Structure formats: structure tokens, C-alpha cells
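S.K.: Here is a sequence with its predicted model. Questions after.
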Amino acid sequence: MTVASPTDFEAGSLQPEGWLRYFSFSLDHKVIGLQYLVTGFVFYLIGGALAGVIRTELASPISDFVSRDVYNQILTLHGTVMIFLWIVPVVNGAFGNYLIPFYVGARDMAFPRLNAVAFWLIPPAGILLIGSYFISGGAAQSGWTAYPPLSLTTPALGQVLWILSVLLLGGSSIFGGINFIATILKLRRPGLKLMHLPMYCWAMLGTSLLVVLSTPVLAGTLILLSFDIVAHTGFFNPSLGGNVVVYQHLFWFYSHPAVYIMVLPAFGLVSEILPVHARKPLFGYTTMVYSIMGIVVLGLIVWAHHMFTSGTPPWMRLFFTIATSFIAVPTGIKFFNWLATLWGGRIALNSAMLFSCAFIVNFVFGGITGIALAQVPFDIHVHDTYFVVGHFHYIVYGGTVFVIFSALYHWYPKFTGRLLNEDLGRLHFLLTFLGFNLCFAPQHWLGLNGMPRRVAEYDPAFTTWNQVSSVGALLMAISTLPLLINVILSAYRGQPAGDNPWRALTPEWLTSSPPPVENWVGEAPLVTHPYGYGTPEGQLDLAAASGSELWQASQR
Amino acid sequence: MTSLTPETSTAAGAMALSAHQLDSHGAEHGEGHADVRLFGLATFLIADGMTFAGFFAAYLTFRAVNPLPADATYELELLLPTINTVLLLVSSVTFHRAGRRLMGGDGEGARLWLLVTGALGAAFLAGQMVEYFHLPFGLTDNLYASTFYALTGFHGLHVTLGVICILIVWWQSRQAGRISAANPFGLEAAELYWHFVDGIWVVLYGLLYLL
């Protein structure tokens, strides 16, 4: 049921074999990429509906829309669905699978079968998770963090199904990560050096390293947690001599890197989109690469900044504050590189560019509140308040989801051979940008004033800003409509895009749109300067030139 | 096993394959060099090792900060686990022998050493079971007991899978050409995995029994 989304628009146009291949155990990386994308989008709609329930409940201070228990289930499902079934699969699995083989000059991923397995773990995991809402006792109620002892005292069956679902999704993620590492490091066509690769490859390499190093720790931890629930061991149960703080350490050892697993690929995608629509080379390629790897290393040693109120000793607080603050350095480098890429460019303010630029704005705001949260005195004040919720959504929605939309406008012509409608795209952007900021900016105010997160009721003094936030959420819900209409209608009536509507130089555009099954007819192009923009326009008839001609011209 | 599954082997796709791409595709799917597959397995073992690392970190923290109940103890009988450690270490050597024999073209010798390795692994598991039955504590008795069973059980699961892999490789090597000096991937992969499981046990032995 959850995969019943590949609408007809992807059919026919993409593969001559018909739409059934999207429901099959296809080994084609492009089919798998779109399977991830559409499945993820279905879960985005589900997670969005859950968010709608949360914001409706919070539109008034008392618990009147759903019961408290149901509210807890809804917010647990919302977090888990959005993170594990929407953002991680789409920003890694969907675009990664579609683009990485093109970027390394391969005809498929290193392990196509493992790739298909990784995708097909997701629908059952999603069904388990959503289905757990309908069993007796309901879904898990302990938030996406599943902290014991709370997760040991809420109804057990829902929690166990939650664990099972997350384990499946973790396995899917690890399989994907192994595949990306092997593809990027081992499957590059001869002559293509690592430093020739488009930035998204580096982002996916860094992300996959984080996936492989940190996800298994979460898996092991959740297995121990399930023993505590099912076999009544006491690993994390204080009443049996266990230790809850150990769970938090192990959980955040994955779940802080998880933020980078969600946002590093977005960095990569933005780095692909900006140069194309600004007609300029990506600024500071080498520093971008080192920044990504710096974020990977630092991302693994900052987890305890989530635990400043968990009795962490002073030396630990000091270390994790400093390490976390250091992340601002590589992130700042990337931010200024993007600005420098735009500087003086011939910017086309289309939907893809608008979403990417908004990403930069949102992400900087989320980054600044992140640095603030890394400071112990401030964190202790706002810990577990709506300030954290606001910060987090500025990163994952204002950051990553904006980039997913941007990438959709950018690569939709590659997927389908047709352009998305610009007017609907700009309407989508306007509604999303307004709705998003209206929804999440007030949450910083609420948090600073002490409104706790994860609670269905609040002090009536917070009512106004909560209602503003709920109106923002409504706008975000409405903003989905122009996107859906656009994506479906453009598949049939969209303006034909040609092979390379953006006159881009990265390898996925140097073939037909949609691409043939084995990606290129003939040999894969050797693209050693994927950002060679800036060829004087007069030298080349850009409208008539094919991608490879464009590429060769830029080499002259 | 080839990347050109029936639905993807269109004329365009087939034509598009240059010599190099056929090569690299072969590597992906078991024809020709095994580099990428062993690389993938090694990456997976790093991930698997991180699961153990998480368990070890939890165990060490438990020991450091969570006192045991008055009647519980960290002391364990050392004889059986030490014999088990020796068994596993020897099995790594015998597996290596099997690989050497295979590369030397001696399939019979390779199979013999494989069986010896599998027997050593099975003996380890039997020893583990005997130890479990004689331990003075059960799974839920205290934090140390739970951690002990979780760690050794998770490792034992790995050994069990390893023995099954060895038997599969042994069976495959009886069929002509499936596992040979020219195509040693199955044996190499099982061997890499087996050494990994042995290495984990050495750490585990040190942490659980000696510390």
C-alpha cells in the first residue's frame, strides 16, 4: 500500500518496459532512485498529516483535539516517519541512487541487488510503523528518541514494533551506505580522479561513512532496548540496576551523525544546483571537500551535546561544547563558498534556485541557533523546549527539505523529459517559505519563554504564538497542493525539456532525458571539470548544442 | 549472475557496453576480479564491528559506574573460555591453510582444512553451550549477567553464521569451478569474515573474562 505511489507520470516516459517495473525488484539504479523518491514522498504526506494533527492540537492550550496518549503516539510517529522514511531515504537513497552512477561514469551501482534489497526493506518497515498505531495499546509513545525508562513503561507492543521498524530502516541505510562507498571509491571510470567528482559524490561519501560507522551502534542499542522490554533484562532500566544515560550516549552516537546524514547530501545537492543556475563554477571546490570530511570527523565526536542536562560531568560538557562549536568552521566555509558561487553570477531565479537560496538563509539561521544550543548555560535554559524544536526544523526542513524541493525542480526534466511549471513552482516556493517561517520561527520565542516540547497542553500565555505557528503549518499543508498538481500535470502536459534544459555540464545531463537503461549510448563521458561554466555565450549556440558539445566547448 | 537482467538487456543497453564496462560489471557480479565484493564485505564488517564497539562501550561504562548487587560477582571460570579462545585462534590458522591450498590448486586439501575449521567452530559453540549451562547466573540476574549473555550470544550468533558459511563454501567447492584458484571469492569472503569474528572474540575474552 505504501508503495502504491508511482503515478503514471513516471511510467512510459521513463522506461519502455512500462510502469510495472516501479513495483518490481528492479536492479536499475534510476528505477530504484525513483522508487525511493516516490515512496519517500508518500511518507512525507503521511508525516505531514501527523504534523497537522500536532499543530491542530496545539492551536489551543488544552488537550481537546486528540487524547494525550494519542498525541504522544502521533508525535512519535511524526518524528520517526519524517526522519527515517522521508528525509534519509530521499536525500540519500533517491538522489544518491539516481545520480551517483552518472557522476562516477558507471552503468549502475556497485551492488545492484543489495541496492534493490535496501529499497524493499523500506515499505515493510513503514507499514510496520504506521500499522502499529492500529494495534491494541497503539504506537510507540516515547518520541523518536525512545529514551528509557519512558520507552520501558509505555505499551510494549507498539514500542517493539517501532524498534523492529527502525532496525529494518537502519539495515536499509547501512546497505545503501556500503553501496555508495564502493561505487564512489571503486567504480569510477578510468581517468576520473576523486577530485574530479561533482560535490554531491563527496557529500554522499561522507554521509555513507557516517552511516556505516554510526548506524550499527543504534541497531545494537535498540536490540538491547528490546531485550529490556521483552526479556526484562535491565540494561537501561534503573530499577533493575541498569543505566539510562548509557542508552542516551549510544543513541546520540548515531542520532547526532544522523543530522549530518540528513543534511550533508543536501549540501551536495545545493552545490550541484547553484553553479548551473548561476552559470558560474562552484567556488572553493577543494575547501568544500575538506569541509565535508571535517564535518564527518567532528560529527562523530559531538553527540553528548544532546545530554547536557543528563548529569554529564563538567569535562564532558566542556569537550562537547568546544567540539560542537568547531563544526561552525567547516559549515561556515561551505556557506561562504555558496555565497561566492552566486556572487556575480548570471542568476536565473527559477524555482530550483529560489528553493536553494532559501535553503542558505534557513540553514544559516538554524546553524546559528545550533551554535547557541552548543553552549552549556544556554542549552540548560532551553533544553527540551520549543527552542530546540524550532532549531531542529530549521535544519531538517528549512535545510534539507527545501533542498529536496529544489532538487526536484532541477532534476524533474532529467527524470521525465519535461519541465515543471514555473508559475506553480514559484507559488509552491512562496507558500512553503512563508508557511515554514511562520510555523517555526515563533517556536524559538516559545522555547525561550519556557514552553516544553512533546506536551499536548501548555500555559495559556503561549496561545498566540502557538496559533501563529499552526497557521504557518496550514500554509505548509496548502503549499503541497501546487507541488502535487505540478508534478502530476507536468508529466503529461509539461513543456518538453530536451536533453539538457539547464545547459548543465555534470555527467547526468550529457545523455538523453530520461536516460537510456545503461545510462549512455556509447562510452561514458570523462568529465574532469563538472563546473566549467562561464564559456562566453556567443561562442556556442547553447540552445542547439548537445550536452557533450557543450562540455567540449567549455574545455577549449 | 550478470547485471543484464532480462528486463534491462535491451539492445541499446547491450550495445552500450564497452570492454571496460563489461569488466567492471563483471567485478560487481562475480565474473572476474572480486575486488569490489571483498571491499563491500570489508565495509560491512567495519559496520558490524561498530555494533560490537557500541556493546563494549556500554559494558565498560556499566562496569565503571553501575555497582553489582551484593551477591553477584565478575569472577568467571577461565579454563573453558581459554580453551575456546585457543580453538578459535587455531581455526583462523586452519582457514588460512585452506585458502593457501585452494590457491595452490589443491581443492581436496582446501576442503579438508575447511572441514577442520568448521569443526573447530562447532567445538567452540559446543564449549559455549557447556559454559552457559554451568554458569551461576541467568540472563536477568543482574546487569553483568545480562551484558555477558548479550555479548557472548551476539558473538556466538556470528560464529554460527560463520560455520554455516564454511559449510556452504565447502559444498560449493565440491562442484567443479564454483570455488577454485581462479575464482576464490566465496572462500576469501568467508575467511575474511571468520578472521573478523575471531578478532572480536579476542577483545571480548579480554573484556569479559580477564578484566
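M.R.: Yep, that arrived. Everything numeric here is computed off the predicted structure, so don't read it as measured data.
S.K.: What's the per-residue pLDDT of the closest residue to A:His383 other than its chain neighbours here?
M.R.: Among residues not flanking A:His383 along the chain, A:Thr309 sits closest, at 4.7 Å (C-beta to C-beta, 6 or more residues apart in numbering or on different chains). Placement of C-beta: from N, CA and C, glycine included. Here, the pLDDT recorded for A:Thr309 equals 93.
S.K.: Over to A:Thr309. Which of the three states is it?
M.R.: The three-state label given to A:Thr309 by DSSP: H, G, I helix; E, B strand; the rest coil is coil.
S.K.: Could you list which residues are in contact with A:Ser271?
M.R.: With contact taken as C-beta atoms under 8 Å, 6 or more residues apart in numbering or on different chains, A:Ser271 is in contact with A:198-200, A:203, A:282, A:288, A:338.
S.K.: Closest to chain B out of those residues?
M.R.: Nearest to chain B among these is A:Ala203, at 17.9 Å by C-beta to the nearest C-beta.
S.K.: Give me the phi and psi angles of that closest one.
M.R.: Here is the backbone geometry of A:Ala203 (degrees, to the nearest 10): phi -60, psi -40.
S.K.: A:Phe227 touches A:Thr233, doesn't it?
M.R.: Yes. Here A:Phe227 lies in contact with A:Thr233, judged by C-beta atoms under 8 Å, at a distance of 4.6 Å.
S.K.: Quick one: neighbours of the residue of the stretch 451-556 of chain A found nearest chain B, just the number.
M.R.: Of all residues in the stretch 451-556 of chain A, A:Glu518 sits closest to chain B, at 3.9 Å by C-beta to the nearest C-beta. A:Glu518 has 26 neighbouring residues, counting by other C-beta atoms under 10 Å in any protein chain shown.
S.K.: Then the one 10 residues further on?
M.R.: Burial of A:Thr528, expressed as a neighbour count using other C-beta under 10 Å, amounts to 13.
S.K.: nearest spatial neighbour of A:Gly52, skipping sequence neighbours?
M.R.: With C-beta to C-beta, 6+ apart, the residue lying closest to A:Gly52 is A:Ala477, at 5.8 Å.
S.K.: can you tell me the helix or strand for the one you found?
M.R.: helix A:463-493 (DSSP states H and E).
S.K.: what sits against the residue nearest to A:His383?
M.R.: A:Thr309 touches A:379-380, A:383-384, counting by C-beta under 8 Å, 6+ apart.
S.K.: Just the buried ones from those residues?
M.R.: With burial judged by 16 or more other C-beta atoms under 10 Å in any protein chain shown, the buried subset of those is A:379, A:383.
S.K.: Can you list which of the contacts of A:Thr309 are found in strands?
M.R.: Taking DSSP state E, every one of the contacts of A:Thr309 sits outside strands.
S.K.: Run the chain-centre distance for the one helix or strand A:Ile322 maps to.
M.R.: Using DSSP H and E, A:Ile322 maps to helix A:314-326. How far helix A:314-326 lies from its chain's middle: 26 Å, per C-alpha atoms, centre = their mean, to the nearest Å.
S.K.: Stretch A:314-333 now?
M.R.: That offset, for stretch A:314-333, works out to 23 Å (C-alpha atoms, centre = their mean).
S.K.: go on, stretch A:346-358?
M.R.: On C-alpha atoms, centre = their mean, the centre of stretch A:346-358 falls 19 Å from that of its chain.
S.K.: in it, what's buried?
M.R.: Buried residues in stretch A:346-358, counted by 16+ other C-beta under 10 Å: A:350-358.
S.K.: With stretch A:224-237 instead?
M.R.: Buried positions in stretch A:224-237, judged by neighbour count with 16+ other C-beta under 10 Å: A:224-229, A:233-237.
S.K.: contact partners of that stretch?
M.R.: Contacts for stretch A:224-237 (C-beta under 8 Å, 6+ apart): A:146, A:148-149, A:151-152, A:156, A:159-160, A:163-164, A:240-244, A:246-247, B:55, B:58, B:62, B:139-140, B:142-143, B:146-147, B:150.
S.K.: Next, the distance between the ends of it.
M.R.: 11 Å (C-alpha to C-alpha, to the nearest Å).
S.K.: quick one on the thing from earlier: for the helix holding A:Ala477, which positions count as buried?
M.R.: A:465-466, A:468-477, A:479-480, A:482-483, A:486-487, A:490-491.
S.K.: Domain map for chain B?
M.R.: Using automatic domain parsing, the domain ranges for chain B come out as B:1-33, B:35-210.
S.K.: For chain B, spot the helix or strand the model is least confident about on average.
M.R.: Within chain B, confidence by mean pLDDT, DSSP states H and E is lowest for helix B:11-16 among all helices and strands, at a mean of 34.
S.K.: Give me the spatial nearest neighbour of A:Val468, chain neighbours excluded.
M.R.: Using C-beta to C-beta, 6+ apart, the closest residue to A:Val468 is A:Pro442 (5.0 Å).
S.K.: quick revisit: identify those among the buried residues of stretch A:346-358 that sit within helices.
M.R.: Judged by DSSP state H, those include A:351-358 as members of helices.
S.K.: for chain B, what are the nearby residues on the stretch 51-200 of chain A?
M.R.: A:106-108, A:110-112, A:114, A:174, A:177-179, A:181-182, A:185-187, A:189-190 (C-beta under 8 Å from any C-beta of the partner chain).
S.K.: List only buried entries from those.
M.R.: Buried among those (16+ other C-beta under 10 Å): A:106-108, A:110-112, A:114, A:174, A:177-179, A:181-182, A:185-187, A:189.
S.K.: Spit out the contact partners of A:Thr221.
M.R.: With contact set as C-beta under 8 Å, 6+ apart, A:Thr221 has these partners: A:247, A:250-251, A:254, B:54, B:58.
S.K.: next one: B:Gly156
M.R.: Contacts of B:Gly156 (C-beta under 8 Å, 6+ apart): B:125, B:128.
S.K.: Likewise for A:Ala304?
M.R.: Here A:Ala304 is in contact with A:249, A:252, A:312, A:316-317, A:320 (C-beta under 8 Å, 6+ apart).
S.K.: thought the residue nearest to A:Val468 was touching A:Ser470?
M.R.: No. Assessed by C-beta under 8 Å, A:Pro442 is found out of contact with A:Ser470, at 9.7 Å.
S.K.: count of neighbours near the residue nearest to B:Tyr59 when sequence neighbours are not counted?
M.R.: Nearest residue to B:Tyr59 in three dimensions, chain neighbours excluded: B:Thr147, at 4.9 Å (C-beta to C-beta, 6+ apart). If you count neighbours by other C-beta under 10 Å, B:Thr147 ends up with 25.
S.K.: Test my guess that B:Thr147 contacts B:Ala58.
M.R.: Yes. The pair B:Thr147 / B:Ala58 is scored as a contact, 7.2 Å apart, by C-beta under 8 Å.
S.K.: neighbours around residue 162, how many?
M.R.: No chain specified, so I'll use chain A. When neighbours are defined as other C-beta under 10 Å, A:Trp162 has 27 of them.
S.K.: you looked at the wrong chain, it should be chain B
M.R.: With other C-beta under 10 Å as criterion, B:Gly162 counts 26.
S.K.: So which residues of the stretch 51-200 of chain A form helices?
M.R.: For the stretch 51-200 of chain A, the helices defined by DSSP state H, counting those that start in this stretch cover A:68-80, A:88, A:95-104, A:112-120, A:122-131, A:150-153, A:156-186, A:199-230.
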